[in-house]
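> Provide a 3D model corresponding to the input given below.
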Amino acid sequence: MRFTILVVDDEKNIREGLGEYLRLDGYDISLAADGREGVAAVDRGDVDLVITDLRMPGLSGGDLLKHVASRYPSVPVIVLTGHGTVEDAVSAMRNGAYDFITKPVNLDHLSILVKRALERRELARRNEELMEEVETQRRTSTIVGKSPSIRRIFDLVRRVAPTKASVLITGESGVGKELVADAIHNLSPRSDKPFIKVHCAALAESLLESELFGHEKGSFTGAQARKKGRFELANEGTLFLDEIGEINQNVQIKILRVLQDKRFERVGGESTIETDVRVVAATNKDLKEEIASGAFREDLYYRLNVVNIHVPPLRERKDDIPLLAGAFLKEFADDNGKPIEGFDPKARAALFAYSWPGNVRELRNCIESAVVMASGGLVTMDDLPPSVRPGEEESVIRVPPGSSLADAERILIRETLAAQGGNKSRTAEILGIGRKTLYQKIQDYGLEPAG
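A predicted model of the protein is given here:
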């Protein structure tokens, strides 16, 4: 990685000489003639280290130091002075200077200081990235998976969460769309504000408008008191509209107005209420088909679909099954006080082979049932629900009588590898061995495909 060093000095010969010397050490160099130019250069970004004279006309090096220390605390500042007084040194260090060097500059000493300062800068940057990654994982811990599609979802969530953009999450029922909405809110600047969820399909059309926008006392039969709606309750936070494709045209128009104008009226009310709400919606329907049929408004679709996050079905990301199954197993084993450590090979193979039409929700229910039924330290095939167990022919690998253990192992690896389409990671998971061990056995048994 190439670092950029900003050299600030009102004496042209000094700043250009230092710049040329440091350039020979492999650094990118930026030059400034006074503190004001230095502030502008730092504010433009991409400065990793500042070397500045203290006493300059106009904005001094001390002022530049204070600016950098307050706004960019991870950027080290080395201060130069031709006076070298104790007072200058103490003042600079108190104001956040990394170190202090007197003129005329000892270039060898400066090189050492620069190297150490940049090493500390790089360490601080890596620590910041690590802490950010740890915090991201904590806030998205409900989303489990390692497949390319899940990694892409993680990336999209990280990029969209800090913004105000509306997000439309699409995918089949049970894939975990609500968990993605949770992660977006948890990683957003609104994470300490309300996160209100509305399951649109669970509410009758006659009640949905009141639930979303609230109502005034007496606005309809049974409205015995004023009630705040979800848009009002979610002010400054996030509103998650699950199954947005189920709402009627009348409510669609009112949601569109809130997204456009940031205001609404309660049912039966005349006062306009302003709201600052970030809307995240989800649907298992193809909204473009709904638009074509006239069931969904095109203008609302584009307001909601500023960013689209598609969650694929579990059958298209089977690499996530071991992590999901393991997470659910731990959860339900802990809940039920059962010392269950994992799945036996046949049970693992069955979990991989099944198509999971109910997606993650079905897998979760399956593992809960298996934990309840399990009587030993491992979940077996018999503990799984009947719908998940393969047919008898599918579960049999034939080993000829009289085969050696090595021959039997070779057949087992070959057939399992073939059943998993050559996926070695999945095969290792099913067989309960490490990938390195599997790779070695594939090589030993000559199971690598020709060519």
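> Where does residue 224 sit: helix, strand or coil?
Here residue 224 takes the coil state, with states given by DSSP: H, G, I helix; E, B strand; the rest coil.
> Any buried residues in stretch 186-203, and which?
Neighbour counts using 16 or more other Cβ atoms under 10 Å place 186-188, 190, 193, 195-198, 200, 203 of stretch 186-203 among the buried residues. Heads up, the C-betas are built off the backbone N, CA and C, glycines and all.
> what does it contact?
Residues from elsewhere that reach stretch 186-203, judged by Cβ atoms under 8 Å, 6 or more residues apart in numbering: 136, 139-140, 157-158, 161-162, 178, 181-182, 185, 208, 211-212, 230, 233-244, 246-247, 278.
> go on, stretch 372-384?
329, 332, 336, 338-344, 346-347, 350-351, 366-367, 369-371, 389, 395.
> could you flag which of the residues you listed are buried?
Those of these that meet the buried threshold are 329, 332, 340, 342-344, 346-347, 350-351, 366-367, 370-371, 389, by 16+ other Cβ under 10 Å.
> any idea how far the closest residue to residue 11 other than its chain neighbours is from residue 69?
Of all residues not flanking residue 11 in the chain, residue 53 sits nearest, at 7.4 Å (Cβ to Cβ, 6 or more residues apart in numbering). Distance, residue 53 to residue 69, using Cβ to Cβ, to the nearest Å: 17 Å.
> more crowded one of those two?
A direct count of neighbours by other Cβ atoms under 10 Å for residue 53 and residue 69 places residue 53 higher, at 23 against 16.
> backbone phi and psi for the more buried one, please?
Main-chain dihedrals, residue 53, degrees, to the nearest 10: phi -70, psi 150.
> can you pull the contacts of it?
If a contact means Cβ under 8 Å, 6+ apart, then residue 53 has 8-11, 14, 61, 79-82 as its contacts.
> Between those residues, identify the one with the most neighbours.
Going by other Cβ under 10 Å, residue 8 tops the contacts of residue 53 with 29 neighbours.
> Residue 352 versus that one, what's the distance?
Separation of residue 8 from residue 352 (Cβ to Cβ): 62 Å.
> How about residue 251?
With the distance defined as Cβ to Cβ, residue 251 ends up 42 Å from residue 352.
> From residue 118, how far off is the closest residue to residue 98 other than its chain neighbours?
Counting by Cβ to Cβ, 6+ apart, residue 76 is the residue found nearest to residue 98 once chain neighbours are left out, at 3.8 Å. Per Cβ to Cβ, residue 76 is found 8 Å from residue 118.
> Output the host helix or strand of residue 372 as PDB, nothing but the C-alphas.
In this structure, residue 372 is located in helix 359-373 according to DSSP states H and E. Once non-C-alpha atoms are left out, helix 359-373 reads as follows in PDB (Å, rounded to 0.1, in the frame of the first residue of the first chain):
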ATOM      1  CA  ASN A 359     -37.000 -22.500   2.800                       C
ATOM      2  CA  VAL A 360     -35.300 -21.500   6.000                       C
ATOM      3  CA  ARG A 361     -38.500 -21.500   7.900                       C
ATOM      4  CA  GLU A 362     -39.100 -25.200   7.100                       C
ATOM      5  CA  LEU A 363     -35.500 -26.000   7.900                       C
ATOM      6  CA  ARG A 364     -35.900 -24.300  11.300                       C
ATOM      7  CA  ASN A 365     -39.000 -26.300  12.000                       C
ATOM      8  CA  CYS A 366     -37.400 -29.500  10.900                       C
ATOM      9  CA  ILE A 367     -34.400 -29.000  13.300                       C
ATOM     10  CA  GLU A 368     -36.700 -28.200  16.200                       C
ATOM     11  CA  SER A 369     -38.700 -31.300  15.600                       C
ATOM     12  CA  ALA A 370     -35.400 -33.400  15.200                       C
ATOM     13  CA  VAL A 371     -34.100 -32.000  18.500                       C
ATOM     14  CA  VAL A 372     -37.300 -32.900  20.300                       C
ATOM     15  CA  MET A 373     -37.200 -36.500  18.800                       C
END
